[in-house]
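Engineer: Just the structure for this:
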Amino acid sequence: MNITLLGPQRDVGAATAAVTELMPNGQIATINAGWQERETDSGLLNEVLGGRMCNLELYRRWQEILDADAEYAETETRLNEVLAELQAVYTLRLQHAMAALTTLRHRDAMPSVQQAAIADTFRSIQALDEWHLRTVAETRDEFYTRVRLGERDHVVHHRTELARMVGDSTGMVLTGGHVGVLLHLLHVFAMGQLIRPPLVAWSAGAMALSDRVVLFNDNAPHGFSHAEMYADGLSVYSGVLPFPHPRRRLHLADGERVAQMARRFAPRQCLLLGGGARFDLRDGEPLPAEAPVLSADPERISASSTASADGDEHG
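Structural biologist: Numbering: from 1, shown residues only. Here you go, the predicted model:
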C-alpha cells in the first residue's frame, strides 16, 4: 500500500502540501485518537486539511463503549495490567542484555573471541525482542477472543458507522500523540480493514502503521533507557521503522550507540522523521538514497542521521 510519512508538524506546512496534492477534493477521514481527551480539539488540524476533516473520533467512541459495557471495560483493565507486566519484565531482561553487550564491547579480549561473543549477544537481544512481540500478540489475541469483540453490540455499531464514514472519504490522515492508545483503538475498531490510500501519517500515526512499533527516548524524564519493542503495528508498510523527533529523542552524536541500534533492528531501516521530512513509500520500492537512516557504520552516523531538522509537533 502506498503511504506518505511526514515528520513532526510544527508549522504544518508539509501536511498541508501533502494533503492538497494527494487529496485535492472531498472529505478526509482523520484519526487523531492519540491525542486522547484532546481529540475533539481539532480546529487547527481541520484548517490544515482545508476544512474537509471528517474526525472519526475513535477515542470518544471507545470511552462510550467502556461506559456502556461494564464486562468489556473490566476485561480491558485486566488486559492493560498483563501488558504492563509483560513490558516491565521485558524491560528488565533487555537492560541486562544491553549491559552485557556494553561490557563485551569494552572488554580487553582477543578480537576473534570478542566479535563472536558480541554477535551472539546481538542474536540474544533480537530473540528477546521477538519473544516480547510474540507474547504481546498472543495476549491481545486471547483478549479479543475472550470478549468476542466483533460480536458486541456497541462495538459493531461503531465499526459500521466508521466503515461508512471512511467509504465516503477520498483519503485518510493519521496524526500523532500517544502511540499505545492509538494502536489499541485501531485494533478495537478494526481500522486495519478500512485504511486505504491516499494515506498520510506522521509521528505516532506513522509508527502505528509500520509492522513494528518501537518506543525510544534517550532523554526520557526518568533517565536514559534503551529502545524497546512495544507491539506489532498494522503492517500497512514494512521494512521501515519510523523514528519521529530524532534530534530530541536520540543521542545521534553517539556513533557506537546509533550503529548498535541500526544493527539490532536490521534488516528494517530506521528512518529519521525530523521536522519538514516527507517520504512517499511505494509498494516494493526502497527508500531514496538520501533518506536519513541509522547506519551500522559509526563513521556514517553524523552525516546521515542529522540531515533533518527537528521541531515541536502539532499532533
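Engineer: switch to C-alpha atoms for all contacts and neighbour counts from now on
Structural biologist: OK.
Engineer: which residues touch residue 45?
Structural biologist: residue 53 (Cα atoms under 8 Å, 6 or more residues apart in numbering).
Engineer: Tell me which residues of the particular helix or strand that has residue 44 in it come out buried.
Structural biologist: Element membership of residue 44 [criterion: DSSP states H and E] is helix 43-48. By neighbour count with 16 or more other Cα atoms under 10 Å, helix 43-48 contains the buried residues 45, 46, 48.
Engineer: Next, count neighbours for the closest residue to the second one other than its chain neighbours.
Structural biologist: Translated: residue 46. Of all residues not flanking residue 46 in the chain, residue 53 sits nearest, at 5.2 Å (Cα to Cα, 6 or more residues apart in numbering). For residue 53, the neighbour count with other Cα atoms under 10 Å is 22.
Engineer: Same check on residue 146?
Structural biologist: Residue 146: 11 neighbours (other Cα under 10 Å).
Engineer: Just confirm it is within a helix.
Structural biologist: Yes: counting by DSSP: H, G, I helix; E, B strand; the rest coil, residue 146 falls inside a helix.
Engineer: what element comes up after the helix holding residue 44 heading to the C-terminus?
Structural biologist: Following helix 43-48 toward the C-terminus (DSSP H and E): strand 53-55.
Engineer: Return the helix holding residue 44 as CSV; C-alpha atoms alone will do.
Structural biologist: What follows is helix 43-48 as a C-alpha-only set of coordinates in CSV (Å, rounded to 0.1, in the frame of the first residue of the first chain):
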residue,chain,number,x,y,z
GLY,A,43,-9.7,23.3,14.8
LEU,A,44,-6.1,23.9,13.6
LEU,A,45,-6.0,20.4,12.2
ASN,A,46,-9.1,21.0,10.2
GLU,A,47,-7.5,24.1,8.8
VAL,A,48,-4.5,22.0,7.8
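Engineer: List the beta-bridge partners for the residue nearest to residue 46.
Structural biologist: residue 28 (DSSP bridges).
Engineer: and the gap between it and residue 29?
Structural biologist: To residue 29, residue 53 is 6 Å away according to Cα to Cα, to the nearest Å.
Engineer: How about residue 162?
Structural biologist: 9 Å.
Engineer: quick one, what contacts the residue most central in space within the chain?
Structural biologist: The chain has residue 207 as the residue nearest its centroid, 2.0 Å off, counting by Cα atoms, centre = their mean. For residue 207, the contacting residues are 179, 213, 214, 233, 241, 242, 243, by Cα under 8 Å, 6+ apart.
Engineer: Tell me, what's the model's pLDDT at the fourth one?
Structural biologist: Put plainly, it is residue 233. Listed pLDDT for residue 233 reads 97.
Engineer: buried ones in stretch 66-85?
Structural biologist: Buried residues in stretch 66-85 (16+ other Cα under 10 Å): 72, 73, 76, 79, 83.
Engineer: helix or strand for the first one, which one?
Structural biologist: Here residue 72 sits within helix 70-106, counting by DSSP H and E.
Engineer: And that helix, what does it pack against?
Structural biologist: For helix 70-106, the helices and strands in contact under the criterion 3 or more Cα pairs under 8 Å, 6 or more residues apart in numbering; DSSP states H and E are helix 58-68, helix 111-147.
Engineer: Deepest-packed of those helices, please.
Structural biologist: Across the helices and strands packed on helix 70-106, averaging neighbours per residue (mean count of other Cα atoms under 10 Å) puts helix 58-68 on top, at a mean of 17.
Engineer: what's that helix in contact with?
Structural biologist: 31-34, 36-37, 39, 72-73, 154-155, 158, 185-186, 189.
Engineer: Low-confidence bits of this protein, can you list those?
Structural biologist: Within the chain, the stretches with pLDDT under 70 are 10-11, 223-224, 298-315.
Engineer: So which residue of it lies furthest out from the middle?
Structural biologist: residue 110 (39.9 Å).
Engineer: which residues sit in contact with that residue?
Structural biologist: By Cα under 8 Å, 6+ apart, residue 110 has no neighbours at all.
Engineer: ditto for residue 155
Structural biologist: 65, 149, 188, 189.
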